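Asks: show me how the following folds:
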Amino acid sequence: MSQRVSDEAGAKAMGEIRSGPSSRRHGDTLPHIHKVGAPPKQSVFKEFKDYFNETIFPDSPLKKYKNQTGFGRFFLALQSVFPILDWARDYNLEKFRGDFISGLTIASLCIPQDIAYAKLANLDPQYGLYTSFVAPLVYAFMGSSRDIAIGPVAVVSLLLGTSLSEEISNYKSHEYLRLAFTATFFAGITQMALGVFRLGFLIDFLSHAAIVGFMAGAAITIGLQQLKGLLGIQNFTKKTDIIAVMHSVWSNVHHGWNWETIVIGIAFLIFLLVAKYIAKKNKKLFWVAAIAPMISVVVSTFCVYITRADKKGVSIVKHIKKGVNPSSASEIYFSGKYLGPGVRIGVIAGMIALTEAVAIGRTFAAMKDYSIDGNKEMVAMGAMNIVGSLTSCYVATGSFSRSAVNYMAGCSTAVSNIVMSIVVLLTVLVITPLFKYTPNAVLASIIIAAVSSLVDIDAAILLWKIDKFDFIACMGAFFGVIFKNVEIGLLIAVAISFAKILLQVTRPRTAVLGKLPGTNVYRNIQQYPKATQISGMLITRVDSAIYFSNSNYIKERILRWLIDEGDQRSRSGFIPIQYLIVEMSPVTDIDTSGIHAFEELYKSLQRKEVQLILANPGPIVMGKLHSSNLADLIGENKIFSSVTDAVTTFGPKVEDAV
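Replies: Next comes the predicted model:
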């Protein structure tokens, strides 16, 4: 419905609409009207160069190399690859004290988690420990985040476990292990390529809403998978969807559950959740949640050992291989039938790992008010996974739970990762045999407690309140993961995110504008009900660039506005619309299809005896209007720098009535 048209009394009484400045009576003066000119012509090369630099190099990474000597440039290049050369110059004993405490704290958390997460990936426990030894060392030298803690994470471990087992069902085979190393190698290649070619914006296609749903679905899937260890079930489904898992659980209820395992698992799960709750309520007690997993492992291992509960059906870890990482460079598939699956799984795992790591790094950087270089982060992540694939590691990334503990423990630099790495190395060299009697039920409890925080109900509620389409994307990813698998959930999340982008591009918002009382400001009449429309004029705004995908829709939508408003005003006895003003300040660009659509709009308006006026086109748009001669067709005297100028020139004599 149309808002009240301004100057109702004056328009009806006088019926005067000026067709231009010449219609003003003698003695009337117009304020200065700024002419909208085309921007200076640029060469094709310059235009392409500016566009390329703004897209790929918006942060001007080469600026710091100017006015430097050869050695200075070489050292700056080294600093770009190894940020440790920059911050290490100011490193001191006080910072080391904080990093040392943080490193010990996150090591106590990561060791039991590494053993548990390796099982999620269907790998032997030592591979989780190997990953927390090599990857953090590489990242400490190449990463730009001070707070992120590196190692295996639950979601990526589950993704690898399910994807690899679909290719090779026997995960005890050597081929399965080789495929895991291959996927890790190509995950690193993917991450490094994104950083080197500065294509990090690609990971932004995974929207926040999709990530919330994906993480929640993965957390529930991971939790359900742990029912095998928590209940002591021996014959458990290899599928991850909720229906198959629950069927496997209930089909074993009479003869597959082990009550001793259940008691151990539930008892330590309660302990872990209580420790987590205490740490959440009192930030100073963060260390309670950090050391709770290690306490659980030590106590449960001791109890199983002295009671020999393993002989009563309690499943234990058994053997963890002792010693430093063996080389796996010769194990990677560079040909054969497993090369394709290795590349595919690696690309997906690399993108998910990168998305999680960058999100974590940005979060803690904002909390400490420093910046991280996203492209450097990608190169660092890629390098550490490439090196990891050559040293018997699987995909590593930033862990939110460990990073939070690292932050709360007072870390200052990435040295905390080095300390953690050394502690893990000592564990692998010395004490891994002590984990022999660790019950799998406790590892399951550790995983459930760790992933419970990934279910962010408050975030989902907020998505519903703010954007229903985002909520649909969130739920699509969530249900895709829990009812099918992680890959399908991820595919749904990406598909819905792309659908939202396409919908916004092909169906941009348009609005009818009115004048705010007592001002020369024109705003959306739906947002400002008191805004009044100008008699004899319709003012519209297009809130998007105009491309081939939306140009026809925009033209038809403007014509519909014209017809609807015209009918409304005719029924109300107002002056017919004689001027259509299109406010173009939000239009950042226009292509040939957009130009053609405006030509058709102009011709349609001519047949309706309505004059087209453009207000505030940007430099890119104005340049293309001149290049296409559309500016000449419309008339340069009908292109204004503001809606106010257009209304002042062509609007009714009598001022707006409020």
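
Asks: can you tell me the SS state at the closest residue to Phe214 other than its chain neighbours?
Replies: Residue nearest to Phe214 in three dimensions, not counting chain neighbours: Ala477, with 4.3 Å by CB to CB, 6 or more residues apart in numbering. From N, CA and C alone the C-beta is placed, and that goes for glycine too. The local conformation at Ala477, judged by DSSP: H, G, I helix; E, B strand; the rest coil, is helix.

Asks: in contact with Ala477, which residues?
Replies: Taking CB atoms under 8 Å, 6 or more residues apart in numbering as the criterion, Ala477 is in contact with Ala210, Ile211, Val212, Gly213, Phe214, Gly217, Gly489, Leu490, Ile492, Ala493, Ile496.

Asks: residues contacting the last one?
Replies: Ile496 makes contact with Ala210, Ile472, Ala473, Gly476, Ala477 under the criterion CB under 8 Å, 6+ apart.

Asks: let's have those residues in CSV, adding distance to Asn440.
Replies: Shown next, in CSV, are these (distance: CB to CB, whole Å):
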residue, distance to Asn440
Ala210, 33
Ile472, 38
Ala473, 36
Gly476, 33
Ala477, 29
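
Asks: how about those residues in TSV, adding distance to Leu354 and pLDDT?
Replies: Output for the contacts of Ile496, formatted as TSV (distance: CB to CB, whole Å; pLDDT from 0 to 100):
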residue	distance to Leu354	pLDDT
Ala210	15	85
Ile472	25	89
Ala473	20	86
Gly476	22	90
Ala477	17	89
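
Asks: which one of the residues you listed sits closest to Leu224?
Replies: Closest approach between those and Leu224, by CB to CB: Ala477, at 16.8 Å.

Asks: and the helices in the stretch 101-250 of the chain?
Replies: Secondary structure of the stretch 101-250 of the chain (DSSP state H, counting those that start in this stretch): helices located at 125-142, 154-167, 174-196, 208-225, 227-231, 242-251.

Asks: which helices and strands does the fourth one pack with?
Replies: Okay, so that is helix 208-225. helix 154-167, helix 242-251, helix 440-451, helix 457-466, helix 468-483, helix 486-506 (3 or more CB pairs under 8 Å, 6 or more residues apart in numbering; DSSP states H and E).

Asks: least reliable of those by average pLDDT, please.
Replies: Of all the helices and strands packed on helix 208-225, mean pLDDT reaches its minimum on helix 486-506 (a mean of 83).

Asks: which helices and strands sit right next to the helix or strand that that helix is followed by?
Replies: Downstream of helix 486-506, the first helix or strand assigned by DSSP states H and E is strand 510-515. Counting contacts by 3+ CB pairs under 8 Å, 6+ apart, strand 510-515 packs against strand 522-524, strand 537-542, helix 551-571.

Asks: pick the most deeply packed of the ones you listed.
Replies: strand 537-542 (a mean of 23; mean count of other CB atoms under 10 Å).

Asks: what strands line up against that strand, and which way round?
Replies: Strand 537-542 has its sheet partners listed here by DSSP bridges as strand 510-515 (antiparallel), strand 579-583 (parallel).

Asks: out of these, nearest to Ile101?
Replies: Per CB to CB, nearest to Ile101 of these: strand 510-515, 56.2 Å.

Asks: identify each buried residue in that closest one, please.
Replies: Using 16 or more other CB atoms under 10 Å as the test for burial, strand 510-515 gives Thr510, Ala511, Val512, Leu513, Gly514, Lys515.

Asks: could you break this protein into its assigned domains?
Replies: Domains of the chain are assigned by automatic domain parsing as 92-466, 507-650.

Asks: please identify the most buried of those.
Replies: domain 92-466 (a mean of 21).

Asks: tell me how far that one lies from the chain's centre.
Replies: 20 Å (CA atoms, centre = their mean, to the nearest Å).

Asks: re earlier: reformat the helices and strands packed on strand 510-515 as a markdown table; add mean pLDDT and distance to Val299.
Replies: Converted to a markdown table, the helices and strands packed on strand 510-515 look like this (pLDDT from 0 to 100; distance: least, CB to CB, whole Å):
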| stretch | mean pLDDT | distance to Val299 |
| --- | --- | --- |
| strand 522-524 | 93 | 63 |
| strand 537-542 | 95 | 66 |
| helix 551-571 | 92 | 65 |
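
Asks: any idea how far Asp467 is from Tyr553?
Replies: 21 Å (CB to CB, to the nearest Å).

Asks: hang on, I meant Phe268
Replies: 40 Å.

Asks: and if you look at Ser371?
Replies: For Ser371, the distance to Asp467 equals 28 Å [CB to CB].

Asks: let's have the strands paired with strand 537-542 in CSV, adding mean pLDDT and distance to Gly200.
Replies: What follows is the strands paired with strand 537-542, written out as CSV (pLDDT from 0 to 100; distance: least, CB to CB, whole Å):
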stretch, mean pLDDT, distance to Gly200
strand 510-515, 93, 33
strand 579-583, 95, 34
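
Asks: can you pull the contacts of Trp87?
Replies: Trp87 sits in contact with Thr413, where contact means CB under 8 Å, 6+ apart.

Asks: rerun at 10 Å
Replies: Going by CB atoms under 10 Å, 6 or more residues apart in numbering, Trp87 touches Gln79, Lys95, Ser144, Arg146, Ser412, Thr413, Ala414, Val415.

Asks: contacts only, for His596.
Replies: Phe548, Ser551, Asn552, Lys555, Ser628, Leu630.

Asks: one more time with 8 Å
Replies: Ser551.

Asks: now His247
Replies: Thr237.

Asks: can you check Ser604 too?
Replies: Ser604 touches Leu559, counting by CB under 8 Å, 6+ apart.

Asks: so which helix or strand takes in it?
Replies: Using DSSP H and E, Ser604 falls in helix 592-607.

Asks: between that helix and helix 551-571, how many degrees?
Replies: 20 degrees (axes from the mean of the first three to the mean of the last three CA atoms, to 10 degrees).

Asks: okay, helix 592-607 in CSV with CA atoms only?
Replies: Below are the C-alpha coordinates for helix 592-607, written out as CSV (Å, rounded to 0.1, in the frame of the first residue of the first chain):
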residue,chain,number,x,y,z
THR,A,592,25.5,-5.2,-20.2
SER,A,593,22.3,-7.1,-19.3
GLY,A,594,21.7,-4.4,-16.7
ILE,A,595,22.2,-1.6,-19.2
HIS,A,596,19.9,-3.4,-21.6
ALA,A,597,17.2,-3.8,-18.9
PHE,A,598,17.4,0.0,-18.2
GLU,A,599,17.0,0.7,-21.9
GLU,A,600,13.9,-1.4,-21.9
LEU,A,601,12.7,0.3,-18.7
TYR,A,602,13.2,3.7,-20.3
LYS,A,603,11.2,2.7,-23.4
SER,A,604,8.4,1.3,-21.2
LEU,A,605,8.2,4.5,-19.2
GLN,A,606,8.1,6.5,-22.4
ARG,A,607,5.0,4.7,-23.5
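
Asks: give the next helix or strand downstream of that helix.
Replies: Per DSSP H and E, the first helix or strand lying C-terminal to helix 592-607 is strand 611-615.
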